[in-house]
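> starting from these lines, generate the structure:
(one chain, ligands or ions: 1)
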Amino acid sequence: MATERCNHRCIMCPQPPILQEKDKTPFNLKLISLFDKSTQEIGITGGEPTLIGDNLFVLINHIKEELPKTAISILSNGVKFADKEYAMKLAKCRHHDLQIDIPLFSDIAEEHNRIVGAKTFYKTVQGLYNLALFHQRIGIRIVVHKQTYKRLPQFADYIYHNFPFVAQVAFIQMETVGLAKENIEQLWIDPFDYRTELREAVLLLADRGMKPYIYNAQLCVLPEDVRPYAQQSISDWKDIYISECEGCALRNQCAGLFESSREIHSSHIKRIEYISSDISCVN
Ligand code: SF4
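Take a look at the predicted model:
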C-alpha cells in the first residue's frame, strides 16, 4: 500500500481513497526489509502508487536490494506515465521481473472518464505508449459491470489494434465492497447475463494471439470454452465457496467468490457434477 490517495474516483472502487495521509514510504521500506527472503512476488498498490512520485522507484530499488529474486507487480491507473521522464525512471530501475497493470474501462474516452471520475483517458493511453516505448511489461485490466459489459467485444478489438504489445488483458469480476457496494444499483449485473459479451471479447483476443484472462469468476457461470482463461485470482483470506459449491467437480480449479459476495452473487451458481472437457488453465 504505497498510498491511500488517488487522482481517480472510480465508481466501483473497493477501497475509496483518502485526501491526506502521513508519508507511508519509511514504513514500507522497513516492511520490505522484514519480508521473507523467498517471497515470490510483491504487489505495489494503493490508492494510486505513482502519487508518491519518485519514492515509487525508491521502493522498487529497495525490493531489488533486499529481495533480488522477488517479482514485482504494480497496479496503477497509468496517468502519471503520460510523463515520459517518469516512465523512463521506471525503466531505469531495470527490475528483472516487473509487471505494471493498468485499468482501462472503455474504448470511448467519455465512458472511461465517467467511470474513473476524471478526464484522464488520453493520459492513460499515452502512459501505456510511454511504458511500451521503454519496453515495460504491461497488463490491461477491465472491471466488468453494468456500465462496461456491453462494449466488451468492441473494446477487445480496440485493445488488439492499439495496444498489441501488452502482455495480458484481464477481465475482472467486480468486488462488491466500498464504492461498488454504495453504487450497486448502477453497477450490478449478474455475470451470467454478460457471459456472451465476455466470451466474445476473450476469444477475439485469444484468436489473435493475445493473452486474455478472466479474474474472480465462478466457472459454472462461464461458457465452457472460456473456462480455461479463468484464474485463481481471489486472495486466500477473502475467498469463499457457498453451499451450492458442495460436491462440485470443478471446485479445486474454481476461483470461488469474494467473502463480500455472500449476499450478492450470480443466481446461476450451481455445482458441476462432472468435468465434460479439459479446463486446464491457460498460462
Ligand atoms: S459451483 Fe462453486 S466451485 Fe463449482 S464452479 Fe460454481 S462457483 Fe465454482
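> mind showing which ranges of the stretch 151-283 of the chain have poor pLDDT?
276-283 (pLDDT under 70).
> all helices for it, in order.
152-162, 179-182, 184-187, 195-207 (DSSP state H, counting those that start in this stretch).
> so Ile142 sits in a helix?
No - counting by DSSP: H, G, I helix; E, B strand; the rest coil, Ile142 falls outside a helix, being strand.
> in TSV, list the helices of the stretch 151-283 of the chain along with mean neighbour count.
From N, CA and C alone the C-beta is placed, and that goes for glycine too. Putting these into TSV (neighbours: other Cβ atoms under 10 Å) gives the following:
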stretch	mean neighbour count
helix 152-162	19
helix 179-182	18
helix 184-187	14
helix 195-207	20
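> in CSV, list the ones you listed along with distance to Met1.
Shown next, in CSV, are the helices of the stretch 151-283 of the chain (distance: least, Cβ to Cβ, whole Å):
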stretch, distance to Met1
helix 152-162, 28
helix 179-182, 18
helix 184-187, 24
helix 195-207, 30
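> which one of those lies closest to the ligand?
Comparison of those against the ligand by Cβ to the nearest ligand atom identifies helix 195-207 as nearest, at 13.2 Å.
> just to revisit the earlier point, now the helices of the stretch 151-283 of the chain as CSV including distance to the ligand?
Listed next are the helices of the stretch 151-283 of the chain as CSV, based on distance: least, Cβ to the nearest ligand atom, whole Å:
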stretch, distance to the ligand
helix 152-162, 21
helix 179-182, 20
helix 184-187, 20
helix 195-207, 13
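> so who does the residue positioned nearest the centre of the chain touch?
Centroid check for the chain by Cα atoms, centre = their mean gives Arg141 as the closest residue, at 4.6 Å. By Cβ atoms under 8 Å, 6 or more residues apart in numbering, the contact set of Arg141 is 75, 101-104, 169-170, 172.
> which residues does it bridge with?
Beta bridges link Arg141 to Pro103, Ala170, judged by DSSP bridges.
> Val143 and Met174 touch, don't they?
Yes - using Cβ atoms under 8 Å, Val143 makes contact with Met174 at a distance of 5.4 Å.
> overlap of the contact sets of those two?
Joint contacts of Val143 and Met174 (Cβ under 8 Å, 6+ apart) are Met12.
> count of residues packed around the residue in the stretch 51-200 of the chain that the ligand sits nearest to?
Of all residues in the stretch 51-200 of the chain, the one sitting closest to the ligand is Pro191 (10.5 Å; Cβ to the nearest ligand atom). By other Cβ atoms under 10 Å, 23 other residues sit near Pro191.
> my guess is it meets Cys220, correct?
No - using Cβ under 8 Å, Pro191 is not in contact with Cys220; the gap is 10.4 Å.
> shared neighbours, the two?
His268.
> what does the stretch 151-283 of the chain have sitting close to the ligand?
Taking Cβ under 6 Å from any ligand atom as the criterion, the stretch 151-283 of the chain approaches the ligand at residues 218-220, 241, 244-245, 248, 250-251, 254, 269-272.
> ok, of the residues you listed, which come out buried?
218-220, 241, 244-245, 248, 250, 254, 269, 272 (16 or more other Cβ atoms under 10 Å).
> could you dump the residues of the stretch 151-283 of the chain next to the ligand to CSV with distance to Asn130?
Converted to CSV, these look like this (distance: Cβ to Cβ, whole Å):
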residue, distance to Asn130
Gln218, 37
Leu219, 37
Cys220, 41
Tyr241, 42
Glu244, 46
Cys245, 44
Cys248, 45
Leu250, 41
Arg251, 43
Cys254, 38
Ile269, 42
Lys270, 46
Arg271, 47
Ile272, 44
